[in-house]
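**Student:** Got a sequence here, can you build the structure:
(2 chains)
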Amino acid sequence: MSQRARLTALVGVLAALVVVAVIVAVAARPAAVRAAPSSEVEVSAGTDDCGHGWADDGRALGGTISFDVSNTTIAGVEVYLQAVDTTKVYLDLESIGAGAHAHARVALGSGRYRFVCLPADADPANGPTVRVGPAPPGTALTPGMVPVTRADLIPPAKAYGAWVGSRLPALRQQVVAVAADAEEGDLPAAKRDWLTARTTYETLGAAYGAFGAAGEAIDGLPGHGLTGFHAVESPLFSGAAAADVVGPAQQLIADVDTLLAQFPKAQIDPGDVGLRAHEIVEDAIRDVLAGAADAGSGTELATIDANLSGAAQALAPLHDLLASRYPELAATQQSIASTQQLVEGFRAADGTWTRLAALTTAQREHVDAALSETAELLAPVAAICDPRRTP
Amino acid sequence: MTGLGRRDFLTAGAGVAAGAAVAGGAGAVLAPVAASAHQAPPGVRAAAAPFHGEHQQGILTPVQRSAAFVALDVTAASRAELADLLKTITERARFLTTGGTPPDPGLTAPPRDSGVLGPTVVPDGLTVTLSAGASLFDGRYGLASAKPARLRTMDAFPDDSLRREVCDGDLLLQVCADDRDAVTHAVREIARATRGGMGVRWRQDGFVSPPRPSGTPRNLMGFKDGTSNPDVHDAALMKRLVWAQGTGREPSWTGGGSYHVVRVIRMLVEFWDRVNLHEQENMIGRRRDSGAPLTASAEHDDPHYENDPTGDVIQLDAHIRLANPRTTASADQRMLRRAYNYDGGVDANGTLDMGLVFVAFNQDLDRQFVAVQKRLAGEPLTDYVQPFGGGYYFALPGARDSSDWLGRSMLA
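**Tutor:** Down below sits the predicted model:
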């Protein structure tokens, strides 16, 4: 055997020993989430060297891997770790600045993977394919997902925007009815019609300033000065004269007209649809459930019921995108429905609602628990529908 | 000297006479050990408290510096959902007290962990102790026949000012750790994992002071509190005083558990601070500076009531004398205390809201805590304290292994 051949053989034996040692070490690790990996894999993320540094021989062990990804370009870059065969993405490092490092951990099962580097202003670059072996038993694998793109979200955004737009004329009719009732001095009718209009509005997903100044005028929180619905609500439910309701009711019509005029021009951003479903419920918890959205009517639970309808409406057009990406989609829909059922239990046969403050401790705890569980389930919807680039 | 931590104590104390260390309250042994611990290398942390065993952690565990007491009402709709809830609490408690790196959700969800303790969750001496309140055993979950025999809504004693909205609850989580952030993190993660299944009824946070300057930590009246605690390393004593046996009137599942009493007691500290020292010491029965009984010289000295039968030195209604007369008859009335101070800001009048979260573990609620509490009725100290919250709970038996869960035997 020549010297070179002997060296090669020696290196081969050594390499085999190292691999065995690593396999043993990995297999001996306690299951699940305990062990921290001993070292990080340094990976380059540029257009020419994307993925370099990870398994340069094309093979890697499965299980938990820590990466130290460094941007070798002179501009920002986004990095995916993608399964070659399914195009599912397991890691998305957004916005790594020029020369900057980002650390990430991912738990991979067997398959073929590669890094994809997406510079801000250039086409994506694919790294070399790495064949990854099976993960140690008990490893909590990172779920992969085919990214949702802005293009994917345009049809749902259009469908949702069309639905909101279709409700605005009804909303206008309903607020006109409130003003008419007040002008006729029929305050019981005004209260009923006010609640109808308000719950219509509360289905429209105006959470967290989605309708901008028009939304603030229609439904700004009472604590910031009474406007819109609350300016009507306050005199209407505190025994004031009908004449005191007329002015605010007419102003509300004007505010809804402003929204009507603006809305056709204001498209719903594709990036907002997933957020909307989640944030409607966050809004309900933060303001309505805290009692901060009431100016005397005690109809908080009606508002929450309408908010849940709004969340279901925002979720509906995302169904096809979510069905393959979110295992808890059915549970989420079920949670919205069962929370609505619980809340609607506080509506009497005559259409009046139990005030939030009148709930017993146990009733209140059930409402709080159901609504917060719904919010928890909706949170991944926003994460999944965060628009990402096509690799 | 603010550097004393439980972790230092444990590290340094491993080879020292640890048995004596916590006897009668952390006590005299703690200070010298702590002093030597300052030479220990920095960054050495306490090992995680073992999660599995016959008993739950957080009972005999040496007291950690920070705590949260979180009473919960269960909103689960069925017995099966209650079981799921208890499994989830167990799984979270096991992970948080053991530590580790939370799994990565990839692109599919927000992070699994709040990150308050960094990318990898450190144990930080965390213990999570789960106890059941009497209301859990009402008709909702078919548990009426499983109720621990002495468990009930907390008694209102004559000197109490109970606000029932901050009393009782279906469950109690006692969460303790070396540092406040680990307590906050654990409460937050458990709440997140159990949404839909339960809601917080009341919560009270607490802290344990370091020895000032030595011996048992002080309460907010300025007195050492817990000096005469039974020795947690005396297994036979713990068997007599702490652990329910699951015999007699008690359902068999209760064996290995313990009656867990929490009393949130406001101290009227402005008033207390306007009281002469000798009057304070007479009410307590100990010296404020050293913690020594008035009849003796050092904190852990025996008060020898037999030499002071008419209360000339330690008056007959002094707190320590009523609480523990040290007679043969009162020996089995002793309980294991694990109290925390609380500092809750101010009330509507601008008066300081602070006091004690009294915590005691009992084999028999009536024989121990209730008997002692009845004897304390009308003691002079009652003018300076207002018990207002808390409850009676039953600390569940421990989870035996990684497939077991807290409450399994209760629901069996």
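**Student:** what residues are up against the nearest residue to residue B:127 once chain neighbours are set aside?
**Tutor:** The shortest distance from residue B:127 to any residue other than its chain neighbours is 3.5 Å, reached at residue B:58 (CB to CB, 6 or more residues apart in numbering or on different chains). Backbone N, C-alpha and C define where each C-beta goes, glycine included. Residues in contact with residue B:58 (CB atoms under 8 Å, 6 or more residues apart in numbering or on different chains) are B:49, B:127, B:128, B:129, B:174, B:176.
**Student:** May I ask which helix or strand encompasses residue 93?
**Tutor:** In the absence of a named chain, chain A is used. For residue A:93, the host element (DSSP states H and E) is strand A:89-96.
**Student:** The chain in question should be chain B.
**Tutor:** Residue B:93 is part of helix B:79-98 when elements are defined by DSSP H and E.
**Student:** Which single residue of the stretch 1-150 of chain A approaches chain B most closely?
**Tutor:** Per CB to the nearest CB, the residue of the stretch 1-150 of chain A with the smallest distance to chain B is residue A:140, at 3.8 Å.
**Student:** pretty sure that residue contacts residue B:100?
**Tutor:** No. Because the distance of 10.3 Å does not satisfy CB atoms under 8 Å, residue A:140 is recorded as not touching residue B:100.
**Student:** Parallel or antiparallel, list what pairs with the helix or strand following the helix holding residue B:93.
**Tutor:** Next helix or strand after helix B:79-98 toward the C-terminus (DSSP H and E): strand B:127-133. Sheet neighbours of strand B:127-133, with direction, are listed as strand B:171-177 (antiparallel), strand B:385-395 (antiparallel) (DSSP bridges).
**Student:** Tabulate these in a markdown table, adding columns for mean pLDDT, distance to residue A:310 and mean neighbour count.
**Tutor:** Rendered in a markdown table, the data for the strands paired with strand B:127-133 read as follows (pLDDT from 0 to 100; distance: least, CB to CB, whole Å; neighbours: other CB atoms under 10 Å in any protein chain shown):
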| stretch | mean pLDDT | distance to residue A:310 | mean neighbour count |
| --- | --- | --- | --- |
| strand B:171-177 | 98 | 34 | 27 |
| strand B:385-395 | 98 | 39 | 24 |
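**Student:** and residue 373, what helix or strand is that in?
**Tutor:** Reading this off chain A. Taking DSSP H and E as the criterion, the element that holds residue A:373 is helix A:361-384.
**Student:** To clarify, I was referring to chain B.
**Tutor:** Residue B:373 belongs to helix B:371-375 when assigned by DSSP H and E.
**Student:** which parts of the stretch 201-350 of chain A sit against chain B?
**Tutor:** For the stretch 201-350 of chain A, the residues in contact with chain B (CB under 8 Å from any CB of the partner chain) are A:325, A:326, A:335.
**Student:** on that earlier part again, pick out the most distant pair among the contacts of residue B:58.
**Tutor:** Of all pairs drawn from the contacts of residue B:58, the widest gap by CB to CB lies between B:49 and B:174 and measures 12.5 Å.
**Student:** Common neighbours of those two, please.
**Tutor:** In contact with both residue B:49 and residue B:174: B:58, B:127, using CB under 8 Å, 6+ apart.
**Student:** what's near enough to touch residue A:88?
**Tutor:** Under the contact definition (CB under 8 Å, 6+ apart), the residues listed for residue A:88 are A:82, A:144, A:145, A:146.
**Student:** Strands - which of the residues you listed land there?
**Tutor:** Using DSSP state E, the subset of the contacts of residue A:88 located in strands is residue A:82.
**Student:** just checking, which of the residues of the stretch 201-350 of chain A next to chain B belong to helices?
**Tutor:** residue A:335 (DSSP state H).
**Student:** ok, and the most crowded of the residues of the stretch 201-350 of chain A next to chain B?
**Tutor:** Top of these by neighbour number is residue A:335, holding 24 neighbours under the definition other CB atoms under 10 Å in any protein chain shown.
**Student:** Alright, that wraps it up for me.
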